[in-house]
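K.L.:
Provided below are the primary sequence and the corresponding predicted coordinates.
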Amino acid sequence: MAYWLVKTEPADGGLPAFHAAGAASLVWDGVRNYQARNFLRAMSLMDKVLLYHASCAEIGVVGQLKVAREPYPDPSQFDPNSPYFDSGSHQTQPRWTAVDLTLVRAFPEVIRLSTLKMMPVFTGSALTRKGSRLSVLPMTEDQWRAVMALSTI
DNA sequence: GCCAACGTTGGC
DNA sequence: GCCAACGTTGGC
């Protein structure tokens, strides 16, 4: 089992969208960075995922997700009307990957980036490092536990 | 709105 | 294959 964190802006597949979806899953598509894609491809149904809000008033971890469907070709890469359309990707060998995610729970409080930055377990991590643009990233078990501990306060 | 940190593109 | 220019991400 592995631990992950996925980043989004609140208005673009963030917590409001998961609340609207209820128990249903959302397609996590549009990842167009190879390193992030490789992490997506490594996801399995057993894995645990954190949801992170970026570029907003309350930056930080907002809830817990689970993998509802294992990695499959991101449909948006073949959709000419999608902003994520990639004319260089072919059906026979899709370039980009999606997963489906469902909300497990929303945290009562946002666990802020500024809080994470103070925690030794996050020192040097891609999440707290200045300028890191990775939108899907692995977490260590210790990092996961630390977030879980804060999320129940 | 600013700017630092990246990743990507394209000329050579 | 190098690297400058450019576009994007994302914190502040």
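P.N.:
Thanks, I have the structure now.

K.L.:
Next, give phi and psi for the residue in chain A that DNA strand B sits nearest to.
P.N.:
Closest contact between chain A and DNA strand B, by CB to the nearest atom of the strand, is at residue A:131 (2.1 Å). Yep, even glycine has a C-beta here, placed from its N, CA and C like the rest. Main-chain torsions, residue A:131, degrees, to the nearest 10: phi 80, psi 0.

K.L.:
Likewise for residue A:18?
P.N.:
According to degrees, to the nearest 10, residue A:18 has phi -70, psi -40.

K.L.:
which residues touch it?
P.N.:
Residue A:18 makes contacts with A:26, A:51, A:63, A:65, A:101, A:102, A:103, A:106, as judged by CB atoms under 8 Å, 6 or more residues apart in numbering.

K.L.:
what's the helix or strand for the second one?
P.N.:
So that's residue A:51. Applying DSSP states H and E as the criterion places residue A:51 in strand A:48-53.

K.L.:
Can you name the element that comes right after that strand?
P.N.:
With DSSP H and E, the next secondary element past strand A:48-53 is strand A:60-73.

K.L.:
longest helix anywhere in chain A?
P.N.:
In chain A, with assignment by DSSP state H, the single longest helix is helix A:141-151.
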